[in-house]
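A.B. asks: Sequence and predicted structure below; questions after.
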Amino acid sequence: MAVKKFNRRTFIKAAAASGVVGSVPMYLSLADHKKVASEEPLKKVWSQCNGCASMCSKAVYSKNNRLWKVEGHPLHLKSGGRLCARGHGMAADVYNTSRVTQPMKRVGDTFEPISWEQAFSEIGEKLGKIVEEHKGDSVLWVEHGPRGKFYADILLDLIGSPNYCTHYSTCFTSKTNVWPKMVGDSLAADHENANYLLFVGRNFGGGIIPNGMNKIHKAIERGAKLVVVDPKYNEMAKIAHDWVPIRPGTDLAFYLGLAHTLISENLYDRNFVNRNVLGFSEFWEANKTASADWASEVTGIPADKIREIARDMAASAPKAILEPGWHGLNCHYVNSTQTAQMNVILNALVGNFYKIGGLYPGQDIPFGSVDRKMPPFKRKGERADGAGVKGKFPTVEPGRGIAQITPQLVEEGLIKAVFIYHYNPLRTAPNPEYQKKIKDAELVVVIPTDWNETAVHTAHYILPEDYYLERTETPRNNSGHLAHIYPQISIRAKALDPIHDTKPLREIVAGICEAMGYEGYFNFTIEDEVKAALSTVEGLTPERLYEEGTIEFTTHFMEGVPLEFKTSTKKINFKVPEYEANGFSGVPTWVPPATWPKEENEFRLIHGKQPWHSHSITANNPYLMAITKAYNGEWMWMNKVRADKLGIKNGDTVTVQSSVSTKQAKVKVTELVHPDCVWISNSYGNFSERQKDGYGVGVNFNDFLELQVEPMAGGTNSQEIIVKITKGVS
Ligand code: SF4
């Protein structure tokens with residue numbers, strides 16, 4: 001029996017027809033709901049969580065197209081069967097009242113609902129004119145990335161635009177820039193089999209990977225040592241043997257001190273380095289004075305502790321890991337790219353590449369692609385953001401771009417039309433007031449699921465996408481973050497019919513292209529795409545993948561260093577030729593952060609994740625925000641000694657002022673954060689009034705951050721922020 005929505009009138013009509021009017025209550029009681037629910041068959045579909053990059057495979061159970069519960073897939077590499085709080089909370093957001101329920105058009109300061117036909121026709125016409133007048137180069141597609149790239153590329157190829165951009169410059173851009181140039185691949189750590197685990201600015205308990213924490217627990221139970229270096233006593237520090245607080249911005253000096261100890265004490269893996277590394281002597285020449293004693297002065301970590309960590313790593317090599325990291329350290333400072341380079345160098349010095357208990361690459365299954373009509377060749381101009389362009393940002397990856405400068409490109413007239421997909425730069429990129437200038441483009445189309453800040457403040461048109469539970473996507477490899485010897489693939493299948501007038505991205509881009517007169521480029525369905533993707537995977541049908549959700553293959557990683565690395569030199573490059581050719585130092589050396597706190601009331605503002613939030617994407621979820629409320633999650637952490645000097649007590653309101661803005665925050669006074677900095681979660685400060693649970697809660701580091709571009713990898717320098725803090729509201 002299906003549960004239908006009854007209003008009072010239809011219920012009376014139905015009850016009268018059955019002759020029971022007056023003899024039953026005018027609404028269904030909880031017991032009635034339970035009865036109806038228990039009679040309804042439970043439907044199970046395998047989807048993938050959208051709460052973070054782990055994309056945990058999950059069973060979505062529904063009754064009568066109503067979400068019932070979600071459960072982790074026991075096989076999935078990232079979850080090991082356990083979903084985190086975000087995974088559960090995000091699923092419920094399918095019913096969040098902040099969802100955009102149909103296409104919208106800006107009219108003055110507000111929005112009017114319009115039909116999809118009207119939206120496509122008006123956007124197609126406007127975009128056509130822009131391309132005619134200013135060429136395709138004036139159009140930018142920016143997204144979280146890279147989920148929409150396949151469809152976005154069809155549009156960009158048709159109009160001749162090179163401007164595809166992801167959010168990565170605000171996330172982990174130094175890492176993705178460095179690893180291909182130095183190693184030829186991105187490698188993941190085999191935490192479970194390591195004997196020594198060093199985590200610097202990386203926190204699997206905050207930016208949760210559920211199975212990552214399981215693997216680390218197993219390693220510790222087996223006798224492995226875990227050391228956490230972080231200005232904040234984070235969730236991983238709670239299970240670590242050692243928490244080593246470090247002066248924020250000096251991780252590069254710490255790494256140089258470790259390398260100096262390994263080399264000067266002859267503790268490094270000389271055989272591995274001789275066989276596989278280029279540029280070792282140049283690196284050593286450039287850093288001979290960067291001793292543990294020197295690093296101690298810079299970092300505030302005792303020199304003996306630096307030496308102890310280096311010696312312990314060497315003693316456990318090659319089953320010793322410096323976790324390659326993610327957001328933390330990889331776009332925070334002007335020295336983030338050198339810091340990422342040092343991560344490669346330290347791992348190579350202990351010879352852990354392609355080793356069980358060390359680092360090895362993801363075991364990916366290659367997918368096929370759908371047979372389709374290809375856009376005719378169109379010559380594309382220079383990228384507007386200068387990524388990969390000589391004389392601008394030649395070493396920044398053009399495949400990722402520099403998202404934070406979108407408003408600047410609009411201001412300079414380089415970009416006339418902006419498409420923003422599954423990305424909210426007004427909340428997650430620097431200086432939101434400046435990001436609002438995106439609205440000044442001639443055409444701004446935002447493709448979100450909810451009324452986020454970017455949709456509200458910049459969109460000329462809002463084209464709402466189906467929620468992730470309402471759509472099928474092509475299969476994905478589960479590699480990354482955690483090393484695993486067996487390849488795995490998972491699929492996100494449509495678990496619920498859309499409850500609003502929304503569409504999948506494929507249909508949205510197709511609608512725009514067709515309105516511009518580009519016919520026939522989307523003559524395939526998502527089922528065609530799934531089938532084509534699996535056409536290269538022997539013996540696996542779409543039906544089986546839908547049935548099982550996640551499949552693990554029996555081919556597996558074989559331990560041992562490959563004969564050659566996938567770099568241009570076929571070796572691990574301690575000296576990066578591409579950096580050197582473009583005027584940068586090829587080997588990393590000490591680069592101090594651009595800013596330092598100096599006055600008694602000055603602090604570096606740093607940020608990180610909390611276990612129950614994923615940046616701004618979860619900050620309007622009622623269940624997750626209830627956890628925030630219970631734990632004062634939006635409060636700013638301040639060291640007790642510094643707080644005492646300023647007369648600030650736990651729970652006080654303070655005024656936080658940077659060169660960009662002044663706002664108020666509540667303070668948590670604690671010994672568990674370095675005295676030089678204050679720490680906030682990166683999830684709060686929502687300012688979209690249409691998000692009732694997130695609106696006005698806390699502040700965000702981006703509120704205080706000036707627009708910057710780190711020149712080698714394009715990062716935002718998101719912890720180069722000095723704030724003055726005064727007690728009270730001023
Ligand atoms: S770790 Fe949590 S938020 Fe991330 S994909 Fe898995 S369940 Fe979702």
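C.D. replies: Happy to help now that I have it. Numbering: from 1, shown residues only.

A.B. asks: List, one by one, the residues from this protein near the ligand.
C.D. replies: 49, 51-52, 54-56, 78-79, 83-84, 86-87, 208-210, 614 (CB under 6 Å from any ligand atom). For every residue, glycine as well, the C-beta is placed using N, CA and C.

A.B. asks: can you tell me which of those are in strands?
C.D. replies: Among these, the subset assigned to strands under DSSP state E is empty.

A.B. asks: so of the residues you listed, which ones are in helices?
C.D. replies: Residues of the residues of the chain next to the ligand located in helices (DSSP state H): 86, 87, 210.

A.B. asks: quick one on the thing from earlier: pick out whichever of the residues of the chain next to the ligand sits closest to residue 292.
C.D. replies: residue 209 (31.3 Å; CB to CB).

A.B. asks: Am I right that that closest one is in contact with residue 51?
C.D. replies: No - using CB atoms under 8 Å, residue 209 is not in contact with residue 51; the gap is 11.3 Å.

A.B. asks: residue ranges of the strands in the stretch 401-550 of the chain, please?
C.D. replies: 417-421, 443-447, 461-462, 476-477, 488-490, 550-552 (DSSP state E, counting those that start in this stretch).

A.B. asks: Would you mind pulling the contact partners of the fourth one?
C.D. replies: Strand 476-477 is contacted by residues 48, 55, 362, 364, 365, 487, 488, 489, 490, 491, 492 when judged by CB atoms under 8 Å, 6 or more residues apart in numbering.

A.B. asks: for the third one, same thing?
C.D. replies: Residues lying outside strand 461-462 but in contact with it, judged by CB under 8 Å, 6+ apart, are 100, 103-106, 111, 119, 122-123, 443-448, 455.

A.B. asks: show me the contacts for the residue of the stretch 401-550 of the chain found nearest the ligand.
C.D. replies: Of all residues in the stretch 401-550 of the chain, residue 481 sits closest to the ligand, with a separation of 9.6 Å (CB to the nearest ligand atom). Contacts of residue 481 were listed using CB under 8 Å, 6+ apart, and they are 53, 54, 78, 188, 209, 212, 326.

A.B. asks: Report pLDDT for it.
C.D. replies: Residue 481 carries a pLDDT value of 90.

A.B. asks: Dihedrals phi and psi, it?
C.D. replies: phi 70, psi -60 (degrees, to the nearest 10).

A.B. asks: Same check on residue 680?
C.D. replies: The phi/psi pair for residue 680 (degrees, to the nearest 10) is phi -130, psi 160.

A.B. asks: Run through the residues that contact the closest residue to it other than its chain neighbours.
C.D. replies: Nearest non-adjacent residue to residue 680, counting by CB to CB, 6 or more residues apart in numbering: residue 636, 4.9 Å away. Listed by CB under 8 Å, 6+ apart, the contact partners of residue 636 are 654, 656, 665, 666, 667, 668, 678, 679, 680, 699.

A.B. asks: From those residues, pick the one nearest the ligand.
C.D. replies: Closest approach to the ligand among the contacts of residue 636 (CB to the nearest ligand atom): residue 680, at 20.3 Å.

A.B. asks: can you pull the contacts of the residue nearest to residue 175 when sequence neighbours are not counted?
C.D. replies: Leaving aside its sequence neighbours, residue 175 sits nearest to residue 330 (CB to CB, 6+ apart; 4.3 Å). Going by CB under 8 Å, 6+ apart, residue 330 touches 171, 172, 173, 174, 175, 336, 339, 340, 715.

A.B. asks: Identify each buried residue in stretch 386-394, please.
C.D. replies: 386, 387, 388, 392, 393, 394 (16 or more other CB atoms under 10 Å).

A.B. asks: I misspoke; the intended subject was stretch 276-295.
C.D. replies: 276-280, 283, 286-287, 290-292, 294-295.

A.B. asks: just stretch 641-649 next, same as before
C.D. replies: 642, 643, 646, 648.

A.B. asks: Among those, which lie within helices?
C.D. replies: 642, 643.

A.B. asks: could you redo the buried residues of stretch 641-649 as JSON lines and give each row pLDDT and distance to residue 306?
C.D. replies: Shown next, in JSON lines, are the buried residues of stretch 641-649 (pLDDT from 0 to 100; distance: CB to CB, whole Å):
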{"residue": "642", "pLDDT": "98", "distance to residue 306": "25"}
{"residue": "643", "pLDDT": "98", "distance to residue 306": "29"}
{"residue": "646", "pLDDT": "98", "distance to residue 306": "31"}
{"residue": "648", "pLDDT": "98", "distance to residue 306": "32"}
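
A.B. asks: Redo the buried residues of stretch 641-649 as CSV? Include distance to residue 140.
C.D. replies: Formatted as CSV, the buried residues of stretch 641-649 follow (distance: CB to CB, whole Å):
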residue, distance to residue 140
642, 43
643, 44
646, 44
648, 43
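
A.B. asks: residue contacts, residue 708?
C.D. replies: 404, 430, 716, 717, 720.

A.B. asks: Which of those fall in helices?
C.D. replies: Among these, no member falls in helices (DSSP H).

A.B. asks: which of these lies closest to residue 421?
C.D. replies: So of the contacts of residue 708, ranked by how close each gets to residue 421 (CB to CB), first place is residue 404, at 16.5 Å.

A.B. asks: Might one say that the closest one is in contact with residue 429?
C.D. replies: Yes - assessed by CB under 8 Å, residue 404 is found in contact with residue 429 at 4.6 Å.

A.B. asks: any shared contact partners between those two?
C.D. replies: Joint contacts of residue 404 and residue 429 (CB under 8 Å, 6+ apart) are 170, 716.

A.B. asks: if I look at residue 211, how far off is residue 190?
C.D. replies: According to CB to CB, to the nearest Å, residue 211 and residue 190 sit 13 Å apart.

A.B. asks: Residue 425 versus the closest residue to residue 131 other than its chain neighbours, what's the distance?
C.D. replies: Leaving aside its chain neighbours, residue 131 sits nearest to residue 159 (4.9 Å; criterion: CB to CB, 6+ apart). According to CB to CB, residue 159 stands 22 Å off from residue 425.

A.B. asks: the more surrounded of these two?
C.D. replies: Each of residue 159 and residue 425 has its neighbours counted (other CB atoms under 10 Å); residue 425 has more, 25 against 22.

A.B. asks: Contact partners for that one?
C.D. replies: 142, 167, 170, 403, 404, 406, 435, 438, 454.

A.B. asks: rewinding a little: just the buried ones among the residues of the chain next to the ligand, please.
C.D. replies: Using 16+ other CB under 10 Å, the buried ones in those are 49, 51-52, 54-56, 78-79, 83-84, 86-87, 208-210, 614.

A.B. asks: Tell me which two of the residues you listed sit farthest apart.
C.D. replies: Longest span within those, CB to CB: 79 and 614, 14.6 Å.

A.B. asks: that older thread, give me the beta-bridge partners of the residue nearest to residue 680?
C.D. replies: residue 667 (DSSP bridges).

A.B. asks: Buried ones in stretch 63-83, by neighbour count?
C.D. replies: 63, 67, 70-73, 75-83.

A.B. asks: residues in contact with the residue in the stretch 601-730 of the chain that the ligand sits nearest to?
C.D. replies: Ranking the residues of the stretch 601-730 of the chain by distance to the ligand (CB to the nearest ligand atom) places residue 614 first, at 5.9 Å. Taking CB under 8 Å, 6+ apart, we find residue 614 in contact with 51, 52, 86, 90, 683.

A.B. asks: mind redoing it with 10 Å?
C.D. replies: 50-54, 84, 86-87, 89-90, 207-208, 621, 624, 682-683 (CB atoms under 10 Å, 6 or more residues apart in numbering).

A.B. asks: re the thing from before, just the buried ones from the contacts of residue 636?
C.D. replies: Judged by 16+ other CB under 10 Å, buried ones among the contacts of residue 636: 654, 656, 665, 667, 668, 678, 679, 680, 699.
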